[in-house]
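Peer 1: need a 3D model of the following:
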Amino acid sequence: QVQLVESGGGLVQAGDSLRLSCAASGRTFSRFRMGWFRQVPGKERELVAAVSWSGGSTYYADSVKGRFTVSTVNAKNTVYLQMNSLKPEDMAVYSCAAKGVGSSWNAPDYWGQGTQVTVSS
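Peer 2: Numbering: from 1, shown residues only. Prediction:
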């Protein structure tokens, strides 16, 4: 079992920055690839960034490339999502997820509870 707990959401203005954190715990979580999703009511959930615990492999959705950075601090068992130059369209509930080998981002193995990011224009 892997537990994921997000923090760091909040209300910011367009152009501001925000850093989300996802603290992982449980057996063998280091074997999982970590992802950040976001979801707006009425829209499909979107994978915005993903990273391996080694930090050597990352993925970014086109909508966030150049503005968001995903990283890990293994000593803290934490995955971060640094979000810069936030736009109103970035407003969503952001969730951390863990995907094991053989699993798909369409159905990650574990989810965090989500954290709200609100961007005012």
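Peer 1: and stretch 114-121, C-alpha only, in PDB?
Peer 2: Provided in PDB are the C-alpha atoms of stretch 114-121 (Å, rounded to 0.1, in the frame of the first residue of the first chain):
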ATOM      1  CA  GLY A 114      -6.200  16.400  -4.200                       C
ATOM      2  CA  THR A 115      -5.600  20.000  -3.500                       C
ATOM      3  CA  GLN A 116      -7.400  23.000  -4.900                       C
ATOM      4  CA  VAL A 117      -5.500  25.600  -6.900                       C
ATOM      5  CA  THR A 118      -7.400  28.800  -7.700                       C
ATOM      6  CA  VAL A 119      -6.000  31.500 -10.000                       C
ATOM      7  CA  SER A 120      -7.700  34.800 -10.100                       C
ATOM      8  CA  SER A 121      -7.300  37.100 -13.200                       C
END
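Peer 1: was I right to think Ser57 contacts Val51?
Peer 2: Yes - with contacts counted by C-beta atoms under 8 Å, Ser57 reaches Val51, the gap being 6.9 Å. Glycine gets a C-beta too; all of them are placed from N, C-alpha and C.
Peer 1: more neighbours: these two, which one.
Peer 2: Val51 (22 against 10; other C-beta atoms under 10 Å).
Peer 1: the residue positioned nearest the centre of the chain sits in which helix or strand?
Peer 2: Nearest residue to the geometric centre of the chain (C-alpha atoms, centre = their mean): Trp36, 2.2 Å. Assigned by DSSP states H and E, Trp36 belongs to strand 33-39.
Peer 1: what sits up against that strand?
Peer 2: For strand 33-39, contacts defined as C-beta atoms under 8 Å, 6 or more residues apart in numbering pick out 20, 22, 24, 45-53, 57, 59, 70, 72, 79, 81, 90, 92-100, 105, 108, 117.
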